[in-house]
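In: Attaching a predicted model along with its sequence, questions to come.
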Amino acid sequence: MSVQIGPGPANLVAHDDIKSFLAGEAIAAGQLVSLDGSASGEARGYTVVLANSGAAATTYVVGIAKAAIASGSWGQVYVGGYVPVVKTDNGVAAGDFLVAHTVDGECDTMADGEEEQVFGMALETDTGDEAACLLFRRI
């Protein structure tokens, strides 16, 4: 029997939760995804598309792509915990609460009135258009 140590000081590996989803469109590593509300039947619960704050159906971020996922393929998506790379709008600072941006798959800093859309917190100031974050589990 093997014993696995959970997150904490005895484990140097950051904790994360990863699930597999079917991509409803091409998704790059680090992009935000939401459940595809236009999918029908059983596919509605496991098909993801790029999140976008301008589209009510895709504002609710459920995860961040771990690696690129081709449209129609299955891929891994972080759904909670530490995420080493999330795509940003190049204006995120360490400690900022994050929401979906109007650009598909990117995140932005929360503004007043967007509290219900927060999906995580930046762990560092973005470099270019990427940063590490803590993803709040929502599914």
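Out: Cool, got the structure.
In: what about the residue nearest the centre of the chain, distance to residue 123?
Out: Closest to where the C-alpha atoms of the chain average out (Cα atoms, centre = their mean) is residue 64, at 2.5 Å. Here the criterion is Cβ to Cβ, to the nearest Å. By it, residue 64 lies 13 Å from residue 123. C-beta: built from backbone N, CA, C; applies to glycine.
In: Quickly list what's touching both of those two.
Out: Shared contacts of residue 64 and residue 123 (Cβ atoms under 8 Å, 6 or more residues apart in numbering): residue 133.
In: wait, what's in contact with residue 73?
Out: 22, 23.
In: whoops, I mixed them up, residue 35
Out: Applying Cβ under 8 Å, 6+ apart, the residues near residue 35 are 44, 45, 47, 48, 60, 62.
In: Secondary structure and neighbour count added to those residues, as CSV?
Out: Output for these, formatted as CSV (DSSP: H, G, I helix; E, B strand; the rest coil; neighbours: other Cβ atoms under 10 Å):
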residue, secondary structure, neighbour count
44, helix, 12
45, helix, 12
47, strand, 20
48, strand, 26
60, coil, 16
62, coil, 22
